[in-house]
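>>> here are the coordinates; sequence isn't available:
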């Protein structure tokens with residue numbers, strides 16, 4: 001054994017014994033070059049052979065090898081997953097754990113693999129049973145779209161013992177249907193799953209040269225906002241929400257969860273938000289079985305609408321997902337859109353179908369050629385010519401010469417292989433030869449060949465029919481599960497519960513929710529911002545903390561809400577450099593946090609003489625008393641803040657007086673000068689807004705209210721807070737409430753089995769509480785029609801025996817306005833089959849002022 005040389009470098013470090021600097025430099029260069037080459041080789045290997053799927057079949061190498069192994073094993077029966085893993089290890093060099101995980105992941109997508117046993121649950125996060133206990137086989141869909149050895153190019157496996165496909169002949173956009181996630185060296189991909197039916201229909205539209213647009217669809221359901229999807233390319237983002245149902249005022253139920261979350265992770269995020277006092281809940285119960293059900297019990301006094309918004313803002317009930325479509329094309333990764341991927345898949349499917357048709361055409365031509373030869377060989381008794389032949393060469397020549405008079409109609413020349421096949425025909429077949437059957441066979445081949453040639457000429461039409469067949473055969477039960485909608489943006493500070501109290505120590509200049517022995521200001525949350533005004537007119541906004549220094553003896557401290565247009569600050573200040581007194585009204589809608597702003601642009605030194613903060617734009621009246629020693633003739637000035645406009649925070653304001661002011665007193669508290677606020681209802685999100693989305697409800701003052709009528713026979717009076725939520729699918733109508741409004745309703749009484757009409761005014765005044773205006777809660781009691789029109793007319797149909805009778809009613813004439821609990825007037829002793837409103841168009845007025853009723 002060789003002895004170790006103490007001068008040898010065993011750690012791979014540069015040898016300091018090298019005295020020549022050129023030798024040291026050379027050694028560093030070699031190592032650097034080795035590192036560069038090895039790193040690039042490793043990065044390329046991970047990108048191409050591990051993490052990123054191929055564009056042609058949408059599969060990573062491990063997935064492709066699993067499918068190839070399952071196809072080679074396929075006999076129609078289930079196989080143990082452990083056996084499939086073992087077979088796949090002949091092609092995949094990275095061990096059973098990687099193969100098993102990928103196989104379970106593919107099985108849970110419920111598309112290409114038919115599973116048996118406990119394969120886990122993507123909704124709850126439960127893992128699959130051990131590989132020895134679960135079984136799998138290829139689905140019928142997989143066998144239809146993914147395999148054809150005649151259109152597959154093969155390569156040697158990693159050890160050279162087996163052959164594996166370069167890509168599978170995938171005739172379906174599998175990558176978009178299943179979705180994929182992968183992280184390589186310096187590169188990643190994230191393609192979201194899309195709907196099976198929509199992908200096939202979009203592929204058909206592509207073949208018809210129509211514009212297509214596809215959006216993600218998840219097995220876990222939920223709702224998705226794709227307004228920033230960016231066609232699946234990097235830089236885009238989708239927001240996914242759970243479906244939350246309000247069972248009653250104290251219970252919420254999560255029925256569907258966002259993609260990539262589980263009921264376990266969802267519950268953990270809810271508990272975490274509750275522990276941080278972002279939301280207030282009593283308990284969470286997971287009742288998930290065949291369907292997802294997570295029940296959330298609310299404490300008394302908690303608003304279900306605000307809690308739903310808070311769940312979206314602070315828990316995994318809403319998640320943002322950033323797609324990044326990256327695939328392997330040729331030997332390189334490329335970034336694409338999902339539309340480009342779908343177009344590539346569609347064209348690739350068309351290419352594979354053409355390849356299959358050409359293969360089929362060649363097979364049919366070969367069959368027709370040999371069937372024709374066989375017919376000539378037997379019917380013309382050419383086999384008798386070989387009786388006198390003594391060698392194989394003589395046999396071949398004899399048959400060849402015997403065929404020549406009869407082969408002019410053949411499509412290609414007769415070769416030796418054809419003659420060999422003729423000599424292999426058995427005597428039994430010749431003796432039982434049936435000319436009619438032979439002619440029928442050739443005729444059938446010719447008809448099929450004609451159809452194949454037609455399909456090749458009309459390849460686009462053939463491809464469209466292929467996709468339609470797929471849809472008909474495999475599309476049942478694969479309808480969209482995730483609802484496409486548009487979400488409103490939930491501002492966290494507007495929905496977080498007030499989990500803290502704001503205190504101030506004016507003398508020391510500290511403010512925060514931890515100063516519990518000092519002066520209380522207001523309720524707040526620990527994510528709020530606070531605004532601070534000082535007596536020199538400067539102001540700033542800072543994030544609330546347990547204890548923070550803001551400066552001694554501040555003028556005003558309060559919680560500040562971003563983009564609050566209705567909170568107006570009224571101020572009188574003196575510009576100490578000019579000696580002039582100014583008055584201004586301003587709002588602070590946005591600001592840079594922790595930056596100190598002056599009282600006005602260009603004012604370096606000031607003193608605030610009067611200040612008020614008004615949550616709804618109130619404008620007070622003040623009396624200004626000047627100093628007795630000033631030269632002004634009039635020593636008192638009455639001023640109304642309503643006389644000046646609201647301007648920006650940097651505006652100087654209006655000149656009040658150039659004389660020094662002794663004191664200012666408020667003579668009259670103000671009222672709002674901002675006027676009514678226009679409110680819209682967006683039926684997509686079920687939310688109120690001021691951004692002009694949806695239906696305009698009207699202009700609302702402080703005392704105005706909203707009336708919502710629901711299809712379960714209830715109504716609700718609410719304020720017009722923008723945080724209110726109304727389930728659009730349950731609404732009959734939503735309007736600005738007028739106490740004089742009359743609700744007209746037609747309903748079936750389940751107890752009495754009678755249909756009634758009633759008209760009533762809202763007599764209740766409680767806000768946020770639903771009132772049932774139907775007489776009972778019988779399961780067959782149902783609201784058929786409701787309207788707020790002054791004179792609604794309806795057409796109804798009622799089944800009397802075997803006949804259907806149609807009638808019309810003017811509800812205004814049919815029934816008087818009664819109490820909201822009254823039964824109303826009976827329309828029919830039978831249940832109405834339909835009720836529709838008759839819309840009477842207003843009469844048109846011609847130019848001469850005459851009313852035209854026709």
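That came through, no problem. Every value quoted in this text rests on a predicted model; they were computed, and no experiment measured them.
>>> what's the single longest strand in this structure?
strand 661-672 (DSSP state E).
>>> elements contacting it?
strand 568-575, strand 606-614, strand 618-626 (3 or more Cβ pairs under 8 Å, 6 or more residues apart in numbering; DSSP states H and E). For glycine as for every other residue, the C-beta is placed from the backbone atoms N, C-alpha and C.
>>> elements contacting whichever helix or strand comes after that strand?
Going down the chain from strand 661-672, the next helix or strand is strand 677-682, by DSSP states H and E. Applying 3+ Cβ pairs under 8 Å, 6+ apart, one finds that strand 677-682 contacts strand 687-689, strand 695-700.
>>> Specify the local secondary structure of the residue positioned nearest the centre of the chain.
Compute the mean C-alpha point of the chain, and by Cα atoms, centre = their mean the closest residue is residue 224, 2.5 Å away. Counting by DSSP: H, G, I helix; E, B strand; the rest coil, the backbone at residue 224 sits in strand.
>>> what ranges do the helices span in the stretch 101-250 of the chain?
Ranges of helices within the stretch 101-250 of the chain are 140-145, 174-178, 196-207, based on DSSP state H, counting those that start in this stretch.
>>> on that earlier part again, hey, least reliable of the helices and strands packed on strand 677-682 by pLDDT?
With a mean of 83, strand 687-689 has the lowest mean pLDDT of those.
>>> Including distance to residue 754 and mean pLDDT, could the helices and strands packed on strand 661-672 go into a markdown table?
Shown next, in a markdown table, are those (distance: least, Cβ to Cβ, whole Å; pLDDT from 0 to 100):
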| stretch | distance to residue 754 | mean pLDDT |
| --- | --- | --- |
| strand 568-575 | 57 | 93 |
| strand 606-614 | 56 | 92 |
| strand 618-626 | 54 | 90 |
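>>> hey, which of the ones you listed is tucked in deepest?
strand 568-575 (a mean of 22; mean count of other Cβ atoms under 10 Å).
>>> how far off strand 606-614 does the longest strand of the chain point, in degrees?
Counting by axes from the mean of the first three to the mean of the last three Cα atoms, to 10 degrees, strand 661-672 points 20 degrees away from the direction of strand 606-614.
>>> Strand 661-672: how far from the chain's middle?
Computed by Cα atoms, centre = their mean, to the nearest Å, the chain-centroid distance of strand 661-672 equals 54 Å.
>>> just stretch 374-382 next, same as before
The chain centroid and the centroid of stretch 374-382 are separated by 69 Å, computed with Cα atoms, centre = their mean.
>>> remind me which residues of the stretch 601-750 of the chain are low pLDDT?
Under the criterion pLDDT under 70, the flagged ranges of the stretch 601-750 of the chain are 673, 675.
>>> what's the burial count for residue 192?
Number of residues near residue 192 (other Cβ atoms under 10 Å) recorded here: 25.
>>> For the closest residue to residue 433 other than its chain neighbours, the count of nearby residues, please.
Excluding its sequence neighbours, the residue lying closest to residue 433 (Cβ to Cβ, 6 or more residues apart in numbering) is residue 378, at 4.9 Å. When neighbours are defined as other Cβ under 10 Å, residue 378 has 18 of them.
>>> Then residue 836?
Neighbour number of residue 836 under other Cβ under 10 Å is 12.
>>> Next, it: secondary structure please.
Look at residue 836: counting by three-state DSSP, its state is strand.
>>> OK, contacts around it?
Applying Cβ atoms under 8 Å, 6 or more residues apart in numbering, we find residue 836 in contact with 794-796.
>>> Please name the bridge partners of it.
residue 795 (DSSP bridges).
>>> Just the pLDDT at it, thanks.
84.
>>> now it: how far from residue 683?
Using Cβ to Cβ, to the nearest Å, we find residue 836 at a distance of 21 Å from residue 683.
>>> With residue 361 instead?
56 Å.
>>> would residue 366 count as being in a helix?
Yes. Under three-state DSSP, residue 366 falls within a helix.
>>> any idea how far the residue lying closest to residue 183 once chain neighbours are set aside lies from residue 317?
Nearest non-adjacent residue to residue 183, counting by Cβ to Cβ, 6+ apart: residue 51, 5.9 Å away. Distance, residue 51 to residue 317, using Cβ to Cβ: 30 Å.
>>> Looking at these two, which is more packed in?
Between residue 51 and residue 317, counting by other Cβ under 10 Å, residue 317 is the more crowded of the two (28 against 22).
>>> residue contacts, the more buried one?
With the criterion set at Cβ under 8 Å, 6+ apart, residue 317 makes contact with 241-242, 244, 254, 258, 266, 269-270, 311.
>>> now the helices for the stretch 451-600 of the chain?
With DSSP H, counting those that start in this stretch as the criterion, the stretch 451-600 of the chain has helices spanning 459-474, 492-495.
>>> Need these in JSON lines (columns: mean neighbour count).
JSON lines is the format used below for these (neighbours: other Cβ atoms under 10 Å):
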{"stretch": "helix 459-474", "mean neighbour count": "16"}
{"stretch": "helix 492-495", "mean neighbour count": "17"}
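>>> Where among the ones you listed is average confidence lowest?
Across these, helix 492-495 gives the lowest mean pLDDT, at a mean of 60.
>>> List buried residues within the contacts of residue 836.
Buried members of these, scored by 16 or more other Cβ atoms under 10 Å, are 794, 796.
>>> residues touching the residue nearest to residue 780 when sequence neighbours are not counted, list them.
In space, and not counting its chain neighbours, residue 780 is closest to residue 750: 3.0 Å by Cβ to Cβ, 6+ apart. Neighbour list for residue 750: 776, 778-782 [criterion: Cβ under 8 Å, 6+ apart].
>>> which of those sit farthest apart?
Distance extremes for the contacts of residue 750: the farthest pair is 776 and 782 at 11.4 Å, using Cβ to Cβ.
>>> neighbour-wise, which of these two wins?
residue 782 (17 against 14).
>>> Packed most tightly, which of the helices and strands packed on strand 677-682 would that be?
Using mean count of other Cβ under 10 Å, the stretch among the helices and strands packed on strand 677-682 with the largest mean neighbour count is strand 687-689, at a mean of 21.
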